[in-house]
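> Any chance you can model this:
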Amino acid sequence: MQKLFSIHDKKLLSPINKSEKDLQQFICDNWNDLFPEYIFITQEFKLKGAVHPSGSSGRMDILAYNPATKRFVFFELKKNYDKNVGHQAADYRHYINKNFSDVYVEALQKHNAAIPDKAIMNDKEVEMILIAKEFSSPLIDQAETENLVALIEYDWFENDLVLLAYVHNAPDGKNDSTGPDDPKEPPKKWIDRMVEKGWDANINSMQPASIKKQLQAIPFTKENIDQLKELAAEASSEAKRSILNKLLEKLEAEDTI
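Below you'll find the predicted structure:
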């Protein structure tokens, strides 16, 4: 059991029994401070059809997006210990994998989610974050072999203090994609490199704007050059393909990737 001592009040603070809804609202209200690495999509994301083995439907407590890994992330919250939280989360992961297109369209159109083109997203893997007061030892052991699962235990105390303990896979650690020299600098995108080379006019001339939007989502790494080539191949006109291919040829020729 966690204990919290207040230097100001000179006492141990008493734990408070809050509802699961209170926990969910607390996370949503403080999203940018608690989970800045994720893009919030919505809470109470409704799942259609038979989600669980019992044939019942369900709702994901929170649906989000991880721009570093291009994956959907869902949060499952429990007020206390729940021995079935692992099975419930597995059902939701299976649902997203099986209905990725439907989830993507609803997130984009109904909730105006700031997510990239579907072709860029990872539709094979889903991340999940489970938050509860306590997790079973078997679930913790299982999570140790699963890098797509984060376990967070919490305690709520008087004076509106909440303690979060990252049992496995702290989100701010596993999603860090910055370099060691400047950990606070955001990862550079391909479009940034193109602007540095003075190709703003070429980029801005690309219509529709979706081409530019996709460029903005691709990290500047050697591994992602294949995404650029695919984008060039799928461009809707010969002029767009020509512009993208010329930019790629110059970058590869300079060997600055």
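
> okay but Met60 is in contact with Glu76, surely?
Yes. Met60 lies in contact with Glu76 (CB atoms under 8 Å); the separation is 7.2 Å. Where C-beta positions appear, they are placed from N, C-alpha and C, glycine not excepted.

> any shared contact partners between those two?
Tyr92 (CB atoms under 8 Å, 6 or more residues apart in numbering).

> so where's the stretch 101-250 of the chain shaky on pLDDT?
171-228, 231-232, 234-237, 239-240, 243, 250 (pLDDT under 70).

> Helices of that one, start to end?
In the stretch 101-250 of the chain, helices defined by DSSP state H, counting those that start in this stretch lie at 137-143, 171-174, 190-196, 200-204, 210-216, 225-234, 238-254, listed in chain order.

> ok, Met60 and Glu76, which is more surrounded?
A direct count of neighbours by other CB atoms under 10 Å for Met60 and Glu76 places Met60 higher, at 26 against 20.

> what's the nearest residue to Leu108 if we skip its chain neighbours?
Ile115 (6.3 Å; CB to CB, 6 or more residues apart in numbering).

> And for the one you found, the neighbour number?
Ile115 sits with 20 neighbouring residues when counted by other CB under 10 Å.

> Phe157 now?
17.

> Leu163 is in contact with that one, correct?
Yes. Using CB under 8 Å, Phe157 is in contact with Leu163, at 7.0 Å.

> How about the secondary structure of Phe40?
Using DSSP: H, G, I helix; E, B strand; the rest coil, the structure places Phe40 in strand.

> For Ala68, see how far away the nearest residue to it once chain neighbours are set aside is.
Excluding the flanking residues, the one nearest Phe40 by CB to CB, 6+ apart is Trp31, at 5.0 Å. Applying CB to CB, to the nearest Å, the value for Trp31 to Ala68 is 16 Å.
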